[in-house]
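J.: only the shape, not the letters, is given here:
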């Protein structure tokens, strides 16, 4: 087994899906959380100066989706052929587009602009993105291949973030509710979810 370190800020954020994958596969790793001045010192040592970063046997790989995809393909949470893997990447891009819009709302400082973004997010973007993702998960509770794959973990973390403020959100999307239950039903991931540090984000 490779020697892994995961570098991220002191929160769940975009690294949490990787932590779920490690939990699911019972892979040991160092969960290194960096903040403030320590991050400024470490930043030049990170690929492209951003986190999360995965270190595997001394080699560093940056980018939350890239890390998740790499580990998913390495540890059996990908497709069984090139077409399935391309489809999974397509789904992941769709989820990332939604996440970008979600973070725009969350981090907007101007209150008037924030309300405008929130209205668009709730009335337009959630039906668009959740509607399509719900279709994908409707039959099996998974986005592709009828089993757990790495974009399921990516989406789970997005849903986790949204449901903090809107716990009723999945009532209209039973496929997504099933996906969430499927992840939480996994004993290893459930244990991590219960025991993970409480953080602001």
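T.: Received the coordinates, thanks. Note that the structure is predicted; figures quoted are calculated from it, not measured.
J.: how's this protein carved up into domains?
T.: 4-76+188-195, 82-186 (automatic domain parsing).
J.: make JSON lines out of those domains and add mean pLDDT, mean neighbour count and distance to residue 201.
T.: Where C-beta positions appear, they are placed from N, C-alpha and C, glycine not excepted. As requested, the domains of the chain are exported to JSON lines (pLDDT from 0 to 100; neighbours: other Cβ atoms under 10 Å; distance: least, Cβ to Cβ, whole Å):
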{"stretch": "domain 4-76+188-195", "mean pLDDT": "97", "mean neighbour count": "16", "distance to residue 201": "4"}
{"stretch": "domain 82-186", "mean pLDDT": "94", "mean neighbour count": "16", "distance to residue 201": "8"}
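J.: on contacts alone, who are the packing partners of the longest helix that the chain contains?
T.: Counting residues, the longest helix found in the chain (DSSP state H) is helix 82-107. Helix 82-107 sits against helix 64-74, helix 111-120, helix 126-137, helix 150-165, with contacts defined as 3 or more Cβ pairs under 8 Å, 6 or more residues apart in numbering; DSSP states H and E.
J.: got a markdown table for those helices, with distance to residue 105 too?
T.: Shown next, in a markdown table, are those (distance: least, Cβ to Cβ, whole Å):
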| stretch | distance to residue 105 |
| --- | --- |
| helix 64-74 | 19 |
| helix 111-120 | 5 |
| helix 126-137 | 11 |
| helix 150-165 | 10 |
